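Q: Have a look at this prediction, sequence included:
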Amino acid sequence: MSNAARPSAVFDGVRKFGITGIFFGRLLLACVRSLARPGLIVAQIFNAGARSLIIIMLSGLFTGMVLGLLGQDVLQRFGAETALGTIAALALLKELGPVLTALLFAGRAGTALTSEIGLMRATDQLTAMEVMAVDPMSYVAAPRFLGGVIAMPLLVAIFNVIGLFGAQLIGVELLGIDRGTFWSQMQSAVSMRDVTEGIVKSVVFGVVVSLIAVNEGYHAEPTAEGVGLATTRTVVASSVLTLLLDYVLTAIFL
Amino acid sequence: MRATRSIEIGTGLFVILGLAALIFLTTQLPSSGLKLSFGKTPGYDVTAEFDNIGDLKVGAPVRMAGVRIGDVTDIGFDNQSYRADVHLHIYPQFSQIPVDSYASIDTEGLLGGQYISISPGGLTTYLTNGSQILQTQSAIVLENLINKFFANYSSSSGSSGKGAKTPNQSQNPQEPHP
């Protein structure tokens, strides 16, 4: 057992990728079927999105305020405080908004998804559904996945808008940069491409985080310990993948 | 039933909020997007023509003695005179700006944004809605200044550049052998 530990760990890793890939395909098929029950998707958008709203808004506000303070401090050294709007907008739209929202989303909604589905698995609810000829993929997994995918871009947009007003609060109201300059510099520097990049990133992160959360829950070991481990893996895997994909996407868009 | 209803309302509010944020980001931030104007603020509009506006942008402040008195509302191009046609909106409390005032485009700090600075003239007739500021000075484009400086520098001191290099070259080979 201990001799074969290393190769089997590698094979397990590869197998895990395969399982996730197959699961993703089945999930997409199940998503089409689950469109017949929009009520379930609405309930999951509420769970994943509306319930994460407070934490997202608070984080967005403080991220924007920190950007305002830091930007002012750094730019003052070059006598370019008026570029604060540009820096805050680009940083929020392209990087901080999607990434921080994805990390918070993994912690707030991803863990809830994994433990919920994992517990359903552990208490044989999923098996019971199969026995009753109810497909758990399209009844349990797909609505949760779709809810996460739909909620994520909306959460990112809210995060960005609140963050911008947070940056304005510090830069304009507190530190005295001209309001017109702040917004006009920002508007002339931000292109449609920057906004699109943020939206594409938020959709990709939404798919990745939701897929990992649902997959981990669905394949969790049906014990109390297994559900706990699956929840931990959700946070770790989605955080790491979010940051990794963020680098790749930034490089593609550059 | 009531629980589902409140969930539906909550979801609806969340989706509306999210879509509003998305629309705000896509229309208000990029320069290509259409801009909503939040009504007309009181005051009056004047125009000024510049040979070169440099990096001036819509929304930039108009200042007099450093105090903000208005903002740039529109930047156009005059096809007859080939000059930039800048529309300024002046706040109502600054109603006594002489008609022979002088408008120039200045920069905030070394790298900051540009704004319009108005120096008062001496006449006792004042700018009103629709009037034009006739005396203007273009933006100072830093690159042009630097180019001019280097053009002057290189023509006046052609051989001194060579002389400055020799001490550096003689120093480098000495360093490895102390």
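A: On my side now, so go ahead. Residues are numbered from 1 along each chain as shown, chains lettered A, B, ... in the order given.

Q: where does the chain have low pLDDT?
A: Went with chain A since none was named. A:1-6 (pLDDT under 70).

Q: that's the wrong chain, I meant chain B
A: Residues of chain B that meet the cut-off, pLDDT under 70, sit at B:1-3, B:30-40, B:109-111, B:157-178.

Q: Residue B:91: neighbouring residues, count only.
A: Residue B:91 has 15 neighbours, counted by other C-beta atoms under 10 Å in any protein chain shown. For the C-beta atoms, the positions are set from N, CA and C on the backbone; glycine is no exception.

Q: how much space between it and chain A?
A: Note on residue B:91: its distance to chain A, by C-beta to the nearest C-beta, to the nearest Å, is 12 Å.

Q: show me the contacts for the nearest residue in space to that residue that is not next to it in sequence.
A: Excluding the flanking residues, the one nearest residue B:91 by C-beta to C-beta, 6 or more residues apart in numbering or on different chains is residue B:43, at 4.7 Å. Residues near residue B:43 by C-beta atoms under 8 Å, 6 or more residues apart in numbering or on different chains: B:70, B:89, B:90, B:91, B:92.

Q: Weed out the non-buried ones from these.
A: B:70, B:89, B:90 (16 or more other C-beta atoms under 10 Å in any protein chain shown).

Q: quick one on the thing from earlier: so what's the backbone phi/psi at the residue nearest to residue B:91?
A: Per-residue torsions, residue B:43: phi 140, psi -170 (degrees, to the nearest 10).

Q: same thing with residue B:94?
A: In terms of degrees, to the nearest 10, the main-chain angles of residue B:94 are phi -100, psi 70.

Q: I figured it hits residue B:70, correct?
A: Yes - using C-beta atoms under 8 Å, residue B:94 is in contact with residue B:70, at 7.1 Å.

Q: and residue B:56, backbone torsions?
A: phi -70, psi 140.

Q: Distance check, it against residue A:221.
A: Here residue B:56 is placed at a distance of 65 Å from residue A:221 (C-beta to C-beta, to the nearest Å).

Q: Go through the contacts of residue B:43 and name the one nearest chain A.
A: The closest of these to chain A turns out to be residue B:70 (C-beta to the nearest C-beta; 9.4 Å).

Q: And for residue 85, nearest residue in space, chain neighbours not counted?
A: Here I'm looking at chain A. Leaving aside its sequence neighbours, residue A:85 sits nearest to residue A:186 (C-beta to C-beta, 6+ apart; 3.4 Å).

Q: looking at chain B here, not the other one
A: Among residues not flanking residue B:85 along the chain, residue B:76 sits closest, at 4.2 Å (C-beta to C-beta, 6+ apart).

Q: Now do the contacts for the one you found.
A: Contacts of residue B:76 (C-beta under 8 Å, 6+ apart): B:84, B:85, B:86, B:87.

Q: Secondary structure and neighbour count added to those residues, as TSV?
A: As requested, the contacts of residue B:76 are exported to TSV (DSSP: H, G, I helix; E, B strand; the rest coil; neighbours: other C-beta atoms under 10 Å in any protein chain shown):
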residue	secondary structure	neighbour count
B:84	strand	21
B:85	strand	17
B:86	strand	25
B:87	strand	15
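
Q: Can you point out the buried residues in the longest helix anywhere in chain B?
A: Counting residues, the longest helix found in chain B (DSSP state H) is helix B:2-28. Within helix B:2-28, the residues scored as buried using 16+ other C-beta under 10 Å are B:7, B:10-11, B:14-15, B:17-18, B:21-22, B:24-26, B:28.

Q: Return the nearest residue of the stretch 101-250 of chain A with respect to chain B.
A: Residue nearest to chain B within the stretch 101-250 of chain A: residue A:154 (2.5 Å; C-beta to the nearest C-beta).

Q: Correct me if wrong: that residue contacts residue B:19.
A: Yes - between residue A:154 and residue B:19 there is a contact under C-beta under 8 Å: 6.9 Å.

Q: what are the phi and psi values for the residue lying closest to residue A:166 once chain neighbours are set aside?
A: What sits nearest to residue A:166 in space, not counting adjacent residues and going by C-beta to C-beta, 6+ apart, is residue A:64, at 2.6 Å. Here is the backbone geometry of residue A:64 (degrees, to the nearest 10): phi -60, psi -40.

Q: what about residue A:64, distance to chain B?
A: Residue A:64 is 13 Å from chain B, by C-beta to the nearest C-beta.

Q: report the longest strand in chain B, please.
A: Once chain B is assigned using DSSP state E, the strand that runs over the most residues is strand B:67-78.
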